[in-house]
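1. turn this into a structure:
(one chain, ligands or ions: 3)
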Amino acid sequence: TPIPELGVETPQPEELRVELNPISGERPLTAITYRIFQERDLIRTFSIEPHKLLSYLFALEDSYQQVPYHNKLHGADVCQSMHVLLNSSGIKDVFNEFEILAAIFAAVVHDVHHSGLTNPFLIKTKNDLAILYNNESVLENHHVAVAFKLLQADERNIFSNLSAEQMETLRKRVVDMVLATDMAKHKTLLADFQNLLEAKKMSGNDYLTLESYDDRILVLKNLIHCADLSNMTKPLDTYSKWIDRLMVEFWKQGDAERDLGLDISPMCVRSPTTKDKHQIGFINSFVHPLWETWGSLVYPDANTILETLAQNREWHEASLAALTSSTTD
Ligand SMILES: COc1ccc(/C(C)=N/OCCC(=O)N2CCOCC2)cc1OC1CCCC1
Ligand SMILES: [Mg+2]
Ligand SMILES: [Zn+2]
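-> Residues are numbered from 1 along each chain as shown. Ligands and ions are numbered 1, 2, ... in the order given. Purely as a prediction, here's the structure:
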């Protein structure tokens, strides 16, 4: 049975087309994710009922908060980035369709209901979520809990045709991946990834073979982490729009910290040079090491990404030099 192009048969295809049209910007997350599910044939493979997929994605999109950066556009962006990264020829045929379903789903849900505040802020203000999750990956636990809560309504349960066992493994993969997007996990995650690749290189075969669940999920955790840290690998005009959104979100947190008489987090201080300085420091400490490791796995697929990352860092260094020279003159 052909899958209706817009997901459901409708007497008003034009109206639904406008609603789903990513250009109109009404529902970018639904439009992009539905398209990716279609392109990867996930709807047919897992007998997903199209109207349930639309209902779930509409509810998910509406559960993203209207904050400057961690809004539905970021969810859509990370989902699209995940989709592209999964196509790297260096990992072609490595992951099966269940893992791909889990990875795409984890990407689109990974920041749902984000409050625009960081984990340290929620912890130091004793937010209900920090109490509920005992200060442990507070936001990330919340995101993945909300994502699964939305599935509980029958008309939104896109996985209703999976067996109980398949659902159990899918759920474990999605929880593992979303929790891995907590920056506090970055160092361990990357070190484990580098150790895995080192061990694989020692084994001599030139293609990646991953047997255990732990090895396979470790690569998928780093993959969603790459997608979440992909802003700096995008063309400068796109990248700079993401920075502006994030800085506005941080500055609002800084205002809240000041109003509460708390220390203002370093990234939340309004000043012309912090943007460049923090981006350079963040790229040097976190982003480049991660993307260099990913680049070694999928060599040479990520070469363009690594070049763009280097160019973007140089752009920050140039604008910082211009700023500091103008201020010292
Ligand atoms: C466009 O710039 C950035 C994009 C993403 C990120 C991070 C850290 N993403 O990590 C996953 C989400 C996370 O854990 N966060 C969200 C950001 O704040 C920390 C907690 C950091 C970025 O820039 C740095 C340097 C200047 C200010 C922050
Ligand atoms: Mg997050
Ligand atoms: Zn994110």
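
2. point me to the helix or strand that includes the closest residue to Phe159 other than its chain neighbours.
-> Excluding its sequence neighbours, the residue lying closest to Phe159 (Cβ to Cβ, 6 or more residues apart in numbering) is Met167, at 5.6 Å. Yep, even glycine has a C-beta here, placed from its N, CA and C like the rest. Secondary structure assignment for Met167, by DSSP states H and E: helix 164-179.

3. which elements pack onto the very next helix or strand once past that helix?
-> Following helix 164-179 in sequence order, the next helix or strand is helix 186-202 (DSSP H and E). Under the contact definition 3 or more Cβ pairs under 8 Å, 6 or more residues apart in numbering; DSSP states H and E, helix 186-202 sits against helix 213-228, helix 288-297.

4. which other helices and strands contact whatever helix or strand comes next after the last one?
-> I take that to be helix 288-297. As assigned by DSSP H and E, the chain's next helix or strand after helix 288-297 is helix 303-328. Other elements packing on helix 303-328 under the criterion 3+ Cβ pairs under 8 Å, 6+ apart are helix 236-259, helix 272-282, helix 288-297.

5. Lys185 against Ser137, yeah?
-> Yes: Lys185 lies in contact with Ser137 (Cβ atoms under 8 Å); the separation is 7.4 Å.

6. what about these two, which has more around it?
-> Ser137 (20 against 16; other Cβ atoms under 10 Å).

7. any idea how far ligand 3 is from the more buried one?
-> 13 Å (Cβ to the ion, to the nearest Å).

8. surely that residue and Asp176 touch.
-> No: Ser137 is beyond contact range of Asp176, at 11.5 Å (criterion: Cβ under 8 Å).

9. mutual contacts of Lys185 and Ser137, please.
-> Here Lys185 and Ser137 share the contacting residues Leu179, scored by Cβ atoms under 8 Å, 6 or more residues apart in numbering.

10. which positions in the stretch 51-200 of the chain make contact with ligand 1?
-> By Cβ under 6 Å from any ligand atom, the part of the stretch 51-200 of the chain that sits against ligand 1 consists of Thr118, Thr181, Met183.

11. what about 5 Å?
-> Neighbours of ligand 1 within the stretch 51-200 of the chain, by Cβ under 5 Å from any ligand atom: Met183.

12. in the stretch 51-200 of the chain, which spans are helices?
-> Assigned by DSSP state H, counting those that start in this stretch, the stretch 51-200 of the chain shows helices spanning 72-86, 97-109, 119-124, 128-132, 138-151, 164-179, 186-202.
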